[in-house]
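> here's my sequence, what's the structure:
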Amino acid sequence: MTGRSSVDLDSPTPEQMADAIASLRAQLSDELNEYCNDVDQSVAMANEWYEWRKADKVDDIQIAQSDNTHPPPYPIRGYNFVADANTVAGQKIKDIQLKMSKYFGGGCWHKRDKDGHPIYIERVGLINLKSLFRTCTPTEISEFHLDMQEFLNRSIFKECSQLAGKDIYRQFVIFDMDGLSIGMVTHLQAINMLREMLSKDQLRYPEYMHRTFIVNAPAIFLTLWKLIKTCLDPRAISKIHILGRNDYKELLEYIPAENLPAFLGGTCRCSHMPGGCVPCITKNNVPDLPRKAFLSLRHQTQISYSDPTHSYSYDFAPAYSDDGSSDSAISSPVGGGYGSWFGMGRSASPRRSVSTENTPFSTKFRVVYLRFTADRGRGMVIEVLWHQHGAATQVGHIDNDNEVLVYPETLLDPQRAPVLIELKVPNRAGHLVFNWRIASFDEGQAPFPDANEARVPIQLEYSIDNEEDLLKEFNLPPIQRD
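As a prediction, this is how the structure comes out:
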């Protein structure tokens, strides 16, 4: 190289070391520079951090990334390296992840703020502490917390940095306290574990907090806050904002409305996913299906890269509910942003799809669930259409002038974990058409298979059930939708 002096990295001179440190410090924030003023303390912290990761084999923890098929440890929305997902009881999911999903209040990494930081939302007020500590050991909870931190550090921050064009190493946190009870505030075991986790995080994952908003905070929370902040660094405390009930205006100063869930004052609903933006089993807005619900599904087929599509038509007659519910219009969920593809490659004109928001009929509806898995691949795109039976439409016959798009093309990852989607369809005679295809080159970030891998077909398995039948089969309570 020309124009640069050669530096021996193994034996730099004092002047070269001073120049390197000055250059590094110029790129750090004032907060991090303050940490570095005490050289001995900084070196000791770095050594302790390295020894901890080595002793606990932290770098061996398997986390979801674009080049593997590991499932994310918690629900996620709005990223490219993995598709939107809930915590579903597949074979790769750890038991502790299912337990935390079942008894924790419901959480999600949900898109990004205006500066590109990932947003993490947790419905703290809905945590079932009694069941959590009865079924989960402190060691299991610490293991789950470590999985979450490593997923954030090694996967989410990586994509956010790429999208922002700068290093992103902090997250925007929202704790929703709606539902907080006196029993939670006085739960000594939970408070002690929280203190221990916060203390360890400040050493092992320092400066990960960009901003934290505590919303829907009841007066009783101030008692809990006095206990929590005693184990927080003053710099961390300065980044925490506490808002009262239904006070979300300040959130919108930092987060685009389309990236903030509607229940927090935004416009996002993530209607393509069961549970919406933040699935919550304790709130019962998503079914808590066991592992056996995704074994031996009714239909099996193979999809190959040479023939990358599969369609299935599901016929049924109306079955009106006995609850006396009023007529409701069908609303189409917002999908993952992929354009129409099905039907375009094999006919002269694109398939005509009609948004259900503009359909001329308003009727009672039913909810249909689709469960599906894949044994390999780089993701599947699913689309679902509804065809009403009528004078001009016979069972099994597709009438493009009488079809309704009930689930737009959305990329999902059945190779990581089973997928569950819910469909709201008219409660009248008709049939649903399910279309799957392998994700194309420009969808998602998973690597495309090499020639040998591409020759191996993908095993697709799926089942379709009316909601009442599925809930009855696995003895689950009715779903409570917002």
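> show me what secondary structure element comes after the helix or strand bottoming out on mean pLDDT in the chain.
Each helix and strand of the chain was given a mean pLDDT (mean pLDDT, DSSP states H and E); the minimum falls on helix 30-35 at a mean of 58. Moving toward the C-terminus from helix 30-35, the next helix or strand (DSSP states H and E) is helix 39-55.
> and that following helix, what other elements does it pack with?
With contacts defined as 3 or more C-beta pairs under 8 Å, 6 or more residues apart in numbering; DSSP states H and E, helix 39-55 has these neighbours: helix 188-204. To be clear about C-beta, it is placed using only N, CA and C from the backbone, and glycine gets the same treatment.
> show me what the helix it packs on is packed against.
helix 39-55, helix 129-135, helix 138-151, helix 221-228.
> which residues does the second one contact?
With C-beta atoms under 8 Å, 6 or more residues apart in numbering as the contact definition, helix 129-135 has outside contacts at K99, M100, K102, Y103, F104, I141, G183, M184, H187, Q189, A190.
> tell me where the protein has strands.
Taking DSSP state E as the criterion, the chain contains strands spanning 76-77, 107-112, 118-122, 171-176, 209-215, 240-242, 299-303, 309-316, 365-374, 380-388, 403-412, 419-426, 430-438, 458-466.
> could you dump those strands to TSV with distance to F221?
Shown next, in TSV, are those (distance: least, C-beta to C-beta, whole Å):
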stretch	distance to F221
strand 76-77	26
strand 107-112	18
strand 118-122	14
strand 171-176	10
strand 209-215	7
strand 240-242	8
strand 299-303	49
strand 309-316	48
strand 365-374	36
strand 380-388	41
strand 403-412	37
strand 419-426	34
strand 430-438	46
strand 458-466	41
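> need these in JSON lines with mean neighbour count and distance to K292, can you?
Listed next are these as JSON lines, based on neighbours: other C-beta atoms under 10 Å; distance: least, C-beta to C-beta, whole Å:
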{"stretch": "strand 76-77", "mean neighbour count": "25", "distance to K292": "25"}
{"stretch": "strand 107-112", "mean neighbour count": "25", "distance to K292": "25"}
{"stretch": "strand 118-122", "mean neighbour count": "23", "distance to K292": "29"}
{"stretch": "strand 171-176", "mean neighbour count": "23", "distance to K292": "32"}
{"stretch": "strand 209-215", "mean neighbour count": "20", "distance to K292": "37"}
{"stretch": "strand 240-242", "mean neighbour count": "16", "distance to K292": "42"}
{"stretch": "strand 299-303", "mean neighbour count": "14", "distance to K292": "17"}
{"stretch": "strand 309-316", "mean neighbour count": "16", "distance to K292": "22"}
{"stretch": "strand 365-374", "mean neighbour count": "21", "distance to K292": "12"}
{"stretch": "strand 380-388", "mean neighbour count": "24", "distance to K292": "22"}
{"stretch": "strand 403-412", "mean neighbour count": "22", "distance to K292": "21"}
{"stretch": "strand 419-426", "mean neighbour count": "22", "distance to K292": "14"}
{"stretch": "strand 430-438", "mean neighbour count": "21", "distance to K292": "23"}
{"stretch": "strand 458-466", "mean neighbour count": "19", "distance to K292": "12"}
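> mind checking which of those strands is nearest N285?
strand 419-426 (10.6 Å; C-beta to C-beta).
> model confidence over that closest one, on average?
Strand 419-426 shows an average pLDDT of 93 in the prediction.
> which stretch in the helices and strands packed on helix 188-204 has the least confidence?
helix 221-228 (a mean of 71).
> could you give the angle of that one to helix 188-204?
Per axes from the mean of the first three to the mean of the last three C-alpha atoms, to 10 degrees, the angle that helix 221-228 makes with helix 188-204 is 50 degrees.
> and the angle from helix 221-228 to strand 209-215?
Using the same axes, to 10 degrees: helix 221-228 against strand 209-215 is 150 degrees.
> so which residues make contact with helix 221-228?
M177, L180, M184, V185, I191, L194, R195, L198, I214, I242.
> give me the angle between that helix and strand 171-176.
Going by the same axes, to 10 degrees, helix 221-228 makes 140 degrees with strand 171-176.
> any low-confidence regions in the stretch 201-350 of the chain?
Along the stretch 201-350 of the chain, the model assigns pLDDT under 70 to residues 202-203, 223, 227, 231-232, 316-350.
> now the helices for it?
Ranges of helices within the stretch 201-350 of the chain are 221-228, 234-237, 251-254, based on DSSP state H, counting those that start in this stretch.
> follow-up on the earlier one: of the contacts of helix 221-228, which is the most crowded?
Among these, M177 has the most neighbours (other C-beta atoms under 10 Å), with 24 neighbours.
> distance to E422 added to the contacts of helix 221-228, as CSV?
CSV is the format used below for these (distance: C-beta to C-beta, whole Å):
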residue, distance to E422
M177, 28
L180, 29
M184, 30
V185, 35
I191, 37
L194, 34
R195, 39
L198, 37
I214, 31
I242, 35
